[in-house]
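A.B. asks: I'll drop the sequence and a predicted model, then ask my questions.
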Amino acid sequence: MSKKVLIIGAGGVGSVVTHKCAQVPEVFSEIILASRTKAKCDTIAAQLKRPIQTAQIDADNVPQLTAFLKEHKPDLVINVALPYQDLHIMDACLAAGIDYLDTANYEPPELAKFEYKWQWAYQDRFEKAGLMALLGSGFDPGVTNVFCAYAQKKLFDEIHTIDILDANAGDHGYAFATNFNPEINLREVSACGRYWEQGEWIATEPVSWSRVFDFPEIGPKKAYLLYHEELESLAKNIRGLKRIRFWMTFSDNYLMHMKALQNVGMLGIEPVEHKGQKIIPIEFLKTLLPDPASLGPRTKGKTNIGCLIEGVKDGKPRKIYIYNVCDHEEAYREVQSQAISYTTGVPAMVGAMMMLTGKWRGKGVFNMEQLDPEPFLEALAKHGLPWHVKEMPIETPCQ
Ligand code: NDP
């Protein structure tokens with residue numbers, strides 16, 4: 001089997017995806033890494049033990065990207081640029097007849113709002129073209145969706161509640177930095193929270209609800225309720241679900257900086273006039289903050305991301321935590337990136353492998369939980385992200 005893959009985006013995640021694809025030449029026999037800044041692709045290529053092709057591409061230029069796809073004819077495009085490029089890359093894939101994969105759902109640049117509706121609207125066009133688009137093949141979304149699908153298939157007869165937990169106990173030593181693209185990260189965290197219960201979406205004030213969870217290998221950590229994109233597809237695809245929420249840990253220091261930046265308008269996405277020039281505050285802030293790809297050599301500690309799931313098995317209540325722990329320093333030793341990029345890049349490679357080997361096939365647009373979780377989870381553990389299922393005590397009301 002000889003397959004060619006085009007990876008678009010040479011940031012923290014793009015670097016890990018490229019390293020991981022290069023480790024599996026029996027699937028990814030040819031790799032092209034293309035991004036807005038070619039020098040970044042060349043730096044990544046120089047770290048690898050086998051040659052890859054690199055190219056400059058502006059993924060927002062659909063005719064140029066379509067021509068590039070028609071010339072190079074990859075079997076799959078892995079989109080690890082930014083969510084703003086999703087629809088443009090999907091358009092080019094349709095025009096050139098090529099399968100598509102990404103790790104984050106579309107977000108219009110001028111609106112801090114992410115929803116699947118824009119990408120789900122491509123269902124008919126991908127189906128009619130006989131092509132497959134796999135959405136959200138990172139960790140969360142991504143592995144968290146697959147954990148839920150596995151729980152539904154193997155661990156429960158009925159699932160009642162899901163709490164997705166994302167803890168990062170890593171320390172990069174900076175006063176303030178984000179672990180992935182600062183603009184996307186800060187837009188997500190500073191937005192209103194939202195969760196789904198009994199068919200309704202319930203909104204909460206930004207970072208206003210918190211709970212302490214005891215994370216295996218990390219210990220107790222305060223996590224805040226956020227809206228996260230996998231809630232939308234899981235609420236639709238997990239049968240009989242009554243409630244689903246998403247929680248992420250933040251240090252008091254991170255939240256203090258974010259609030260101060262928000263209070264002075266630095267998270268603004270509208271242009272402001274500055275000395276006769278228009279600037280978008282959050283874009284300027286990105287220029288000032290450390291590049292997430294540079295955090296690798298400085299970050300110590302672990303991440304723990306998983307799903308706390310409650311329901312019924314064989315007539316009895318059951319509660320489990322299904323999770324992965326990833327060590328920032330080990331990730332850096334292997335692929336020269338910290339664990340946030342690693343936990344996103346490995347599932348992107350594994351999702352691509354599922355598509356290219358025919359283990360996951362279909363026509364249309366798919367979320368991860370719609371496909372068979374077992375081959376994915378087997379490959380995930382083999383390629384650097386082992387996972388575990390922990391039985392949790394059932395809390396009974398006071399007698
Ligand atoms: P970075 O900002 O580090 O990298 C983004 C890359 O995309 C950069 O190399 C950038 O180029 C390139 N790019 C931006 N615009 C274009 C364009 N128009 N054409 C071509 N290339 C472009 O981001 P990350 O690597 O941290 O994140 C990548 C993606 O992964 C994001 O969509 C993010 O939301 C997602 N993600 C998903 C997670 C998950 O678990 N599902 C977790 C973390 C991230 P340049 O270098 O010139 O700026």
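C.D. replies: That came through fine. Numbers count the residues shown, from 1 in each chain.
A.B. asks: which residues of this structure score low on pLDDT?
C.D. replies: Low-confidence segments of the chain, defined by pLDDT under 70, are located at 1, 397-399.
A.B. asks: what about 80?
C.D. replies: Confidence mapping of the chain against pLDDT under 80 gives the ranges 1-2, 111-113, 395-399.
A.B. asks: so who does the spatially most central residue of it touch?
C.D. replies: With distances taken as CA atoms, centre = their mean, the residue of the chain nearest its centroid is Gly138 (3.6 Å). For Gly138, the residues meeting the contact criterion (CB atoms under 8 Å, 6 or more residues apart in numbering) are 13, 103-104, 343-344, 347-348. C-beta: built from backbone N, CA, C; applies to glycine.
A.B. asks: how about the nearest residue to it, chain neighbours excluded?
C.D. replies: With CB to CB, 6 or more residues apart in numbering as the measure, Thr103 is the residue that lies nearest to Gly138, at 3.4 Å, once sequence neighbours are left out.
A.B. asks: against the ligand, how distant is Leu241?
C.D. replies: Relative to the ligand, Leu241 is positioned 21 Å away (CB to the nearest ligand atom, to the nearest Å).
A.B. asks: so where does that residue fall, helix or strand?
C.D. replies: According to DSSP states H and E, Leu241 maps onto no helix or strand at all.
A.B. asks: next, the contact list for it, please.
C.D. replies: Contact partners of Leu241, counting by CB under 8 Å, 6+ apart, are 159-162, 234-235.
A.B. asks: next, it: phi, psi?
C.D. replies: Leu241 has phi and psi values of phi -60, psi 140 when expressed as degrees, to the nearest 10.
A.B. asks: again with Glu378
C.D. replies: Dihedral angles phi and psi of Glu378 (degrees, to the nearest 10) take the values phi -60, psi -50.
A.B. asks: and what of the one 3 residues further on?
C.D. replies: Here is the backbone geometry of Ala381 (degrees, to the nearest 10): phi -60, psi -40.
A.B. asks: next one: the one 5 residues further on
C.D. replies: Per-residue torsions, Pro386: phi -70, psi 150 (degrees, to the nearest 10).
A.B. asks: can you report how many residues neighbour Lys242?
C.D. replies: Here the count is done by other CB atoms under 10 Å, and Lys242 has 15 residues near it.
A.B. asks: ok, now which ones touch it?
C.D. replies: For Lys242, the contacting residues are 160-161, 197-198, by CB under 8 Å, 6+ apart.
A.B. asks: helix or strand for Tyr106, just tell me which one.
C.D. replies: In this structure, Tyr106 sits in neither a helix nor a strand according to DSSP H and E.
A.B. asks: now it, nearest residue through space, not along the chain?
C.D. replies: Counting by CB to CB, 6+ apart, the residue nearest Tyr106 is Asp86, at 4.1 Å.
A.B. asks: tell me the contacts of whichever residue of the stretch 201-350 of the chain sits closest to the ligand?
C.D. replies: Scanning the stretch 201-350 of the chain for proximity to the ligand using CB to the nearest ligand atom identifies Thr344 as nearest, at 4.0 Å. The neighbours of Thr344, taking CB under 8 Å, 6+ apart as the test, are 13, 16, 80, 103, 138-139, 142, 180.
A.B. asks: from these, which is closest to the ligand?
C.D. replies: Closest to the ligand, out of all of the contacts of Thr344 and judged by CB to the nearest ligand atom, is Gly138, at 2.3 Å.
A.B. asks: contacting residues for the residue of the chain at minimum distance from the ligand?
C.D. replies: Closest residue of the chain to the ligand, CB to the nearest ligand atom: Gly11 (1.8 Å). Counting by CB under 8 Å, 6+ apart, Gly11 makes contact with 35, 40, 80-81, 181, 292-293, 341.
A.B. asks: which of the residues you listed fall in helices?
C.D. replies: Among those, the members falling in helices are 40, 341 (criterion: DSSP state H).
A.B. asks: close to the ligand as well: tell me which of the contacts of Gly11 qualify.
C.D. replies: Checked against the ligand using CB under 6 Å from any ligand atom, the contacts of Gly11 give the following subset in range: 35, 40, 80-81, 181, 292-293.
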